[in-house]
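Enquirer: coordinates for the following, if possible.
(chains A and B)
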Amino acid sequence: MYFALFDLPSTPVAASTGIAWPDVALSFFAIVLEGAPFLLLGAIISGLVDVYLPAGLIKDWLPRSKTQGIFAAMLTGVFFPLCECGTMPVVQRLIRKGVPPAVATVYLLAAPGLNPLAMLSTWVAFRNQEPWLMVALRLGFTVAILTFLGFWLMRVRPENMLRPEMITGPARVRPEMTPNPGLELTPRPGSSLGGLQEFTGAVIRDFTGVLLFLIIGAAVAALFSTGFNRNLLAPIGQNIFLGPIAGIVLAQMLCLCSTTNAFIIAAFAPFSIPAKIAFMIAGPLIDLKLYWVYRSCYQARFVHLLWLLATSAVFMLTFLYALKP
Amino acid sequence: MNTLARQLTFFAPAAVMTAWATVMLHTVASGRINELLSPMFRNYVIACAAALIAFSILYLLLFQPTQKTAPSFAPTGTLRQLGRWLVLLLPVIAAAVFSPSAFSSTTISKRLDPNASYQMPTWYDKNKQVAQNVMDTDPSQAAPVEVTDLIQLGQHPDQAKAFADRKVRSVGHIMLTPDGSPKLIRLIMWCCAADAVPVTVDLKGSIKGTFQRDDWLEVTGTAQFPAGKDGKTTPVINVDTITPTQEPDEPYLSP
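Expert: Prediction:
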């Protein structure tokens, strides 16, 4: 693509192929400004859970079997949806309150992926391109992938999954056991506002703890979403084998919200239906921004494995769908 | 020295949260928020800023400096702590100061699908109303239209036929495709500027002028909706004049 510079219609001058760093700053600023309110909302919910929801009560609510817990987590993701940024503090708090990490992680993945708004946006975005089929494929494939990941997660030991400081059980955490060891909270003595003190401390600790990772993730996402020429993937977007890969790669680089991604990809003509489905499913599961957000809670090795399995599952399903006559 | 470091470390969380709130409120008050977030998310930023200020005050009221001293480079040591707070603070301030008001043509070109046929879906069924509003304008004056209005009109053959040959004026950037055909371009934003994608209308006719890259331009001309090879109508402006203009209050269009 070329841009006119002077004295139209003079010879077009090729646009630079380099990275426009001011644009990276603009993207970064927009991402953190959009994500911070939801992160704070998640931290406030986390604080409320910390202070007002006894660990015993959560355990009573949880199904006895882990398998049922996995499906309960998916249903919770449907009925209590949160965006990607807001879910992390809540999940960290649930794990600290004694919710099995496998169940909490399925909720982490389901809350954006099965978000009813994401399904509605898919219908609207594809309303001239078989909307019910697109919604059914997005919903069905996401449930199938979450079930697969849920059964895998059940077999992963918490000490191989979580950052060491996360394995604290329901006990009150010490400052150095949080993702943000820079924060030491020493209550003023003699305060009669113990509940508010605990709530405030939990919110600030969770917000600033995950914010660090959101900033890193947003910086990486801004760099790739600004610098990467998405038309480079266009030639392979219709290929049966490479199309779904192109969809996954693009989704994981652009780091879009689950409620938005359908609009962006619906109009991207070079992509086939399987490539578009892969794009819509893969992004909310894990992308360059979420990789860093997940690192606030999970070990690097686990996040790499989660990426590998989630990405492979998305590819397998969409590739098989592409093979259908 | 230790006392000063302890005090700095104690005030850092409140200072960082207040700084974030200040950046957010300044972004809103200065109108820069229009260049960053879609209207739906702007109130969330104001609420977030208010909440961050509230939590900063609560923090100062409910907590006190720690009496413990850890080695400076220990995880809870003062230097490590201050370093972490700076990481939370400096990038967002730097981005607020150095980020431009809109994406450059370099980035737009990487996001543009030259063959995209945007449907302009919206959360509300307002497409037809938008088109009707455009058609209801005074026919003796050039109708102020957005690129997206023309795309929407082009998707309804009856409306496109009724609106064809009307004088229009529209604001955007101009670019040339590799085959030399010029297009008027605007970005539409779904959530935030990071997800903005370009939409275009073809330009034909008298396309002359001296412009800088990334200039905002107002194009006046006649709207036409010729049928393409695939039978779909493609909006075109048959250009009379192109003049530099101010950046619009809303540099991005909302769906």
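
Enquirer: from B:Lys208, how far out is A:Gln92?
Expert: A:Gln92 is 60 Å from B:Lys208, where distance means Cβ to Cβ, to the nearest Å. Yep, even glycine has a C-beta here, placed from its N, CA and C like the rest.

Enquirer: now swap in B:Met17 and tell me
Expert: Note on B:Met17: its distance to B:Lys208, by Cβ to Cβ, is 53 Å.

Enquirer: settle it for me: which of those two has more neighbours?
Expert: Taking neighbours as other Cβ atoms under 10 Å in any protein chain shown, B:Met17 and B:Lys208 compare with B:Met17 leading, 26 against 12.

Enquirer: who are the contact partners of A:Val103?
Expert: By Cβ atoms under 8 Å, 6 or more residues apart in numbering or on different chains, the contact set of A:Val103 is A:62, A:66, A:69-70, A:72-73.

Enquirer: looking at the residues you listed, which are in helices?
Expert: A:66, A:69-70, A:72-73 (DSSP state H).

Enquirer: buried subset of the residues you listed?
Expert: A:66, A:69-70, A:72-73 (16 or more other Cβ atoms under 10 Å in any protein chain shown).

Enquirer: which bits of the stretch 201-325 of chain A sit near chain B?
Expert: A:201, A:203-204, A:207-208, A:211-212, A:215, A:219, A:221-222, A:225-231, A:234, A:254-257, A:259-260, A:263-264, A:266-270 (Cβ under 8 Å from any Cβ of the partner chain).

Enquirer: go with 6 Å
Expert: A:204, A:211, A:215, A:225-226, A:229, A:256-257, A:260, A:263, A:267-269 (Cβ under 6 Å from any Cβ of the partner chain).

Enquirer: the residue nearest the centre of chain A - nearest residue in space that isn't next to it in sequence?
Expert: By Cα atoms, centre = their mean, chain A has its centre lying nearest to A:Glu84, at 4.0 Å. With Cβ to Cβ, 6 or more residues apart in numbering or on different chains as the criterion, A:Glu84 has its nearest non-adjacent residue at 4.7 Å, and that residue is A:Pro112.

Enquirer: how close does A:Leu308 get to chain B?
Expert: 26 Å (Cβ to the nearest Cβ, to the nearest Å).

Enquirer: wait, a strand at B:Asp202?
Expert: Yes - counting by DSSP: H, G, I helix; E, B strand; the rest coil, one finds B:Asp202 located in a strand.

Enquirer: residues contacting it?
Expert: By Cβ atoms under 6 Å, 6 or more residues apart in numbering or on different chains, B:Asp202 lies in contact with B:183, B:236.

Enquirer: what residues are bridge-paired with it?
Expert: Per DSSP bridges, the residues bridged to B:Asp202 are B:Lys183, B:Val236.

Enquirer: and it, how far is that from chain A?
Expert: According to Cβ to the nearest Cβ, B:Asp202 stands 13 Å off from chain A.

Enquirer: any idea how far the nearest residue to A:Lys289 once chain neighbours are set aside is from chain B?
Expert: Sequence neighbours aside, A:Gly217 is the residue nearest to A:Lys289 in space, at 3.6 Å (criterion: Cβ to Cβ, 6+ apart). Distance from A:Gly217 to chain B, counting by Cβ to the nearest Cβ: 12 Å.

Enquirer: give me the number of residues near A:Gly217?
Expert: A:Gly217, neighbours per other Cβ under 10 Å, totals 27.

Enquirer: and for B:Gln155?
Expert: Neighbour count of B:Gln155, defined by other Cβ under 10 Å: 19.

Enquirer: sorry, back to before: ok, of the buried ones among the ones in helices among the contacts of A:Val103, which one's closest to chain B?
Expert: Distance to chain B across those (Cβ to the nearest Cβ) is lowest for A:Ala73, with 25.7 Å.

Enquirer: what residues of the helix or strand hosting B:Val97 count as buried?
Expert: B:Val97 is part of helix B:78-98, with elements assigned from DSSP states H and E. Residues of helix B:78-98 classed as buried: B:78, B:80-82, B:84-85, B:88-89, B:91-92, B:95-96 (neighbour count, 16+ other Cβ under 10 Å).

Enquirer: those residues also near chain A: which ones?
Expert: Residues of the buried residues of helix B:78-98 in contact with chain A (Cβ under 6 Å from any Cβ): B:81, B:84, B:88, B:91-92, B:95.

Enquirer: how far away is A:Met88 from chain B?
Expert: Distance, A:Met88 to chain B, using Cβ to the nearest Cβ: 16 Å.

Enquirer: coming back round to it: which of the residues of the stretch 201-325 of chain A next to chain B fall in helices?
Expert: Per DSSP H, those map to helices at A:204, A:211, A:215, A:225-226, A:263.

Enquirer: from those residues, which one has the minimum pLDDT?
Expert: Here the lowest pLDDT out of these sits on A:Phe263, with 81.

Enquirer: and the closest residue in space to A:Pro274 that isn't next to it in sequence, how many neighbours?
Expert: Distance criterion Cβ to Cβ, 6+ apart; nearest residue to A:Pro274, sequence neighbours excluded, is A:Ala322 at 3.9 Å. Using other Cβ under 10 Å, A:Ala322 has 20 neighbouring residues.

Enquirer: before we move on, which element is A:Ala322 in?
Expert: Secondary structure assignment for A:Ala322, by DSSP H and E: helix A:300-323.

Enquirer: quick one: average pLDDT of that helix?
Expert: Averaging pLDDT along helix A:300-323 gives 96.

Enquirer: keeping just the C-alphas, turn it into PDB.
Expert: The C-alpha coordinates for helix A:300-323 follow below in PDB (Å, rounded to 0.1, in the frame of the first residue of the first chain):
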ATOM      1  CA  ALA A 300       6.600 -19.700  33.100                       C
ATOM      2  CA  ARG A 301       6.900 -23.400  32.100                       C
ATOM      3  CA  PHE A 302       3.200 -23.900  32.800                       C
ATOM      4  CA  VAL A 303       2.200 -20.900  30.800                       C
ATOM      5  CA  HIS A 304       4.300 -22.100  27.900                       C
ATOM      6  CA  LEU A 305       2.600 -25.500  28.100                       C
ATOM      7  CA  LEU A 306      -0.800 -23.900  28.300                       C
ATOM      8  CA  TRP A 307       0.000 -21.900  25.200                       C
ATOM      9  CA  LEU A 308       1.100 -25.000  23.300                       C
ATOM     10  CA  LEU A 309      -1.900 -27.100  24.200                       C
ATOM     11  CA  ALA A 310      -4.500 -24.300  23.800                       C
ATOM     12  CA  THR A 311      -3.000 -23.300  20.400                       C
ATOM     13  CA  SER A 312      -2.700 -26.900  19.200                       C
ATOM     14  CA  ALA A 313      -6.300 -27.600  20.200                       C
ATOM     15  CA  VAL A 314      -7.600 -24.600  18.400                       C
ATOM     16  CA  PHE A 315      -5.600 -25.600  15.300                       C
ATOM     17  CA  MET A 316      -6.700 -29.200  15.400                       C
ATOM     18  CA  LEU A 317     -10.400 -28.300  15.600                       C
ATOM     19  CA  THR A 318     -10.400 -25.600  13.000                       C
ATOM     20  CA  PHE A 319      -8.200 -27.600  10.700                       C
ATOM     21  CA  LEU A 320     -10.600 -30.600  10.900                       C
ATOM     22  CA  TYR A 321     -13.400 -28.200  10.200                       C
ATOM     23  CA  ALA A 322     -11.600 -26.800   7.200                       C
ATOM     24  CA  LEU A 323     -11.300 -30.400   5.800                       C
END
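
Enquirer: and the angle from the host helix or strand of the residue nearest to A:Lys289 to helix B:78-98?
Expert: Per DSSP H and E: A:Gly217 is located in helix A:194-227. Counting by axes from the mean of the first three to the mean of the last three Cα atoms, to 10 degrees, helix A:194-227 points 50 degrees away from the direction of helix B:78-98.
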